[in-house]
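Chemist: Mind looking at a prediction? Sequence and model below.
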Amino acid sequence: DQQVKQNSPSLSVQEGRISILNCDYTNSMFDYFLWYKKYPAEGPTFLISISSIKDKNEDGRFTVFLNKSAKHLSLHIVPSQPGDSAVYFCAATNSGSARQLTFGSGTQLTVLP
Amino acid sequence: NAGVTQTPKFRILKIGQSMTLQCTQDMNHNYMYWYRQDPGMGLKLIYYSVGAGITDKGEVPNGYNVSRSTTEDFPLRLELAAPSQTSVYFCASSDRVSNYGYTFGSGTRLTVV
């Protein structure tokens, strides 16, 4: 039972355009959401997060949007750069837990020069 | 500042052998985690710890054991290795007050033959 789903295994975008990565969740207890970025042979690195009390959080080129009613979040990268090419994982947690994260299966983003 | 250090980076085990994956963090984080990542899948939680002397099972604990005798170290023990344990293992840590972002190690790629 996948509680966090990333239905697109891969995405290709032209440099300078917008990249939109999507994530759906089923567990209503999740109230905090995160995006991680992973390069080959490295561990994931934290990118951006959002609390369920917000619907948008922005950090430079990265913006995360949360639609609680649809149990959907998305990560927008504008403008996309070749260095953004990586696997992006969506993760979710309940703030009352011991901070265990539930991860999606990841989306491989390729930014074409 | 080394962050989270995992050793070894690669290992090949024969079925039935045992080994310990080492994980050390130097950030004085209370929370530590072990995840495994199978090809095309997200990260699944094996075990976690909220402080020295306290450990608990995650989603996929069978075949593994952990201990947390110090804040810094969180080793993962595999007893009687099986081919199903072929995976990439990530250790991570976090503190009480951050934005839930984990700091991950670079991973251990384990193959059981």
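Modeler: Received it, and whenever you're ready, just let me know what you need. Residues are numbered from 1 along each chain as shown, chains lettered A, B, ... in the order given.

Chemist: list the contacts for A:Ser69?
Modeler: Under the criterion of C-beta atoms under 8 Å, 6 or more residues apart in numbering or on different chains, A:Ser69 has no neighbours. For the C-beta atoms, the positions are set from N, CA and C on the backbone; glycine is no exception.

Chemist: Is it in a helix, a strand, or coil?
Modeler: Recorded secondary structure, A:Ser69: coil (DSSP: H, G, I helix; E, B strand; the rest coil).

Chemist: same thing with B:Met32?
Modeler: Three-state call for B:Met32 (three-state DSSP): strand.

Chemist: Any idea what it is bridged to?
Modeler: In this entry, B:Met32 is beta-bridged to B:Ser49, B:Ser93, by DSSP bridges.

Chemist: Ok, B:Cys23 next?
Modeler: Bridge pairing for B:Cys23 - DSSP bridges - gives B:Gln6.

Chemist: What's opposite B:Ser87 in the beta bridge?
Modeler: B:Leu110.

Chemist: Sorry, slip of the keys, the one I care about is B:Asp73.
Modeler: B:Thr24.

Chemist: who touches it in this structure?
Modeler: B:Asp73 neighbours (C-beta under 8 Å, 6+ apart): B:22-24.

Chemist: go on, A:Tyr36?
Modeler: Shown in contact with A:Tyr36 (C-beta under 8 Å, 6+ apart): A:44-47, A:88-89, A:91, A:103, B:102.

Chemist: Can you tell me how far the residue lying farthest from the centre of chain A is from chain B?
Modeler: Most distant residue from the mean C-alpha position of chain A: A:Pro113, 22.5 Å away (C-alpha atoms, centre = their mean). In this structure, A:Pro113 and chain B are 26 Å apart, going by C-beta to the nearest C-beta, to the nearest Å.
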